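Enquirer: quick one: sequence and predicted model below, then my questions.
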Amino acid sequence: GGGRWAAQLLMECARAVAARDSGRVQQLMWMLNELSSAYGDPEQKIAAYFLQGLFARLTSSGPRTLRTLSSAADRAASFESTRRTALRFQELSPWSSFGHVAANGAILEAFLEGGAQRLHILDLSSTFCTQWPTLLEALATRSADDTPHLTITTVVPPALQRVMREIGQRMEKFARLMGVPFRFSAVHPPPSAAGGLAELDLDSLDLRGDGALLAVNCVGALRGVSPERERERGRSKIGGDISSRRKGERERGKITHKETRPNYRTSDFYDRNIDIFLLIF
């Protein structure tokens, strides 16, 4: 209907971009520019923001804009701003909290069944450890006489060192309050590791065979591996690396995985555009 004009024009423009039809692209972008407004009704706002994305794509200005915005965000990063952002995201996306609960339940179940006294979680996510206080509480209140030792190793960008330091201190304080022996470490891959998860150096993660059950928690992490690196190494590469390093040990392991639907790195621009549009709207 007429009320969905933004989606129709944006998808048609994305299709023209994918087909390299420059004349049609210019025509549609002119129409979108005339009809859109960042301060208008919902349809106008949708058109305005996606038009900016299309323009960045066509002018190859996206990476430069991202670097500028990321640099500004890094300078302004603080524990309080990060906490507000994480809580706001959970408020707007309640299904993310459901994923945390399900992952914690799977980790706790594997730990209890395995009979281990130590639990080591490798946290490959962008949740800023908001997932773990409930797990700490569950470990502290279980019926067994002895409280297990918990280690959390989280992998985050170097720009978040200051924020993660305070998060770690707060996690350690909460663990002491709950009576759970606890160790926290944050690993910061070098900025040159453009491949992200596919190029993660496991030697830096201190995955020692100390009798602990190892749980690998992936929340929104695997979609960061591009199709090119999937072909070179495969999305299961990190799981295979971890498994091979622990081969011969008696300890069991657990991998928890939560992803949103879209693949942001697909090589087809039109399909990627539809995926992102459907995720948001």
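Expert: Sure thing, it's come through. Numbering: from 1, shown residues only.

Enquirer: which intervals of this protein have sub-threshold pLDDT?
Expert: Across the chain, the ranges flagged by pLDDT under 70 are 1-3, 73-76, 143-144, 190-209, 220-281.

Enquirer: what residues of the helix ranked longest in it count as buried?
Expert: Looking across the chain with DSSP state H, the single longest helix is helix 94-114. Under the neighbour-count criterion of 16 or more other CB atoms under 10 Å, helix 94-114 has Ser96, Ser97, Gly99, His100, Ala103, Asn104, Ala106, Ile107, Leu108, Ala110, Phe111, Gly114 buried. Bear in mind the C-beta positions are built from the backbone N, C-alpha and C, glycine included.

Enquirer: would you turn those into JSON lines with distance to Phe79?
Expert: Putting the buried residues of helix 94-114 into JSON lines (distance: CB to CB, whole Å) gives the following:
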{"residue": "Ser96", "distance to Phe79": "20"}
{"residue": "Ser97", "distance to Phe79": "20"}
{"residue": "Gly99", "distance to Phe79": "23"}
{"residue": "His100", "distance to Phe79": "20"}
{"residue": "Ala103", "distance to Phe79": "24"}
{"residue": "Asn104", "distance to Phe79": "23"}
{"residue": "Ala106", "distance to Phe79": "29"}
{"residue": "Ile107", "distance to Phe79": "25"}
{"residue": "Leu108", "distance to Phe79": "27"}
{"residue": "Ala110", "distance to Phe79": "31"}
{"residue": "Phe111", "distance to Phe79": "29"}
{"residue": "Gly114", "distance to Phe79": "34"}
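
Enquirer: from what I can see Gln90 touches Ser96, true?
Expert: Yes. Counting by CB atoms under 8 Å, Ser96 is a contact partner of Gln90 at 5.8 Å.

Enquirer: in the sheet, who's paired with Leu214?
Expert: Beta-bridge pairing of Leu214 under DSSP bridges involves His120, Gly253.

Enquirer: how about the helices in the stretch 51-200 of the chain?
Expert: Using DSSP state H, counting those that start in this stretch, the helices assigned to the stretch 51-200 of the chain run over residues 62-76, 79-92, 94-114, 132-141, 161-178.

Enquirer: quick check: which of those is buried the most?
Expert: Of all these, helix 132-141 has the most neighbours on average by mean count of other CB atoms under 10 Å, namely a mean of 18.

Enquirer: could you check the angle helix 94-114 makes with that one?
Expert: 30 degrees (axes from the mean of the first three to the mean of the last three CA atoms, to 10 degrees).

Enquirer: can you dump the C-alpha atoms of helix 132-141 in CSV for me?
Expert: C-alpha atoms of helix 132-141 as CSV (Å, rounded to 0.1, in the frame of the first residue of the first chain):
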residue,chain,number,x,y,z
TRP,A,132,27.2,-13.3,34.1
PRO,A,133,25.8,-12.0,37.4
THR,A,134,22.9,-14.4,37.2
LEU,A,135,25.2,-17.3,36.6
LEU,A,136,27.4,-16.3,39.5
GLU,A,137,24.3,-16.2,41.7
ALA,A,138,23.2,-19.6,40.4
LEU,A,139,26.6,-21.1,41.3
ALA,A,140,26.6,-19.5,44.7
THR,A,141,23.1,-20.8,45.6
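
Enquirer: now do the SS call for Ser37.
Expert: Under DSSP: H, G, I helix; E, B strand; the rest coil, Ser37 falls in the coil class.

Enquirer: where's it relative to Ala6, distance?
Expert: To Ala6, Ser37 is 11 Å away according to CB to CB, to the nearest Å.

Enquirer: give me the common contacts of the two.
Expert: Here Ser37 and Ala6 have Gln44 as joint contacts, going by CB atoms under 8 Å, 6 or more residues apart in numbering.

Enquirer: looking at these two, which is more packed in?
Expert: Taking neighbours as other CB atoms under 10 Å, Ser37 and Ala6 compare with Ala6 leading, 24 against 13.

Enquirer: show me what contacts the more buried one?
Expert: By CB under 8 Å, 6+ apart, Ala6 lies in contact with Leu35, Ser36, Glu43, Gln44, Ile46, Ala47, Phe50.

Enquirer: and which of these is nearest to Ala18?
Expert: Comparing the contacts of Ala6 against Ala18 with CB to CB picks out Phe50 as the nearest, at 14.7 Å.

Enquirer: now that closest one, nearest residue through space, not along the chain?
Expert: Of all residues not flanking Phe50 in the chain, Leu10 sits nearest, at 4.9 Å (CB to CB, 6 or more residues apart in numbering).
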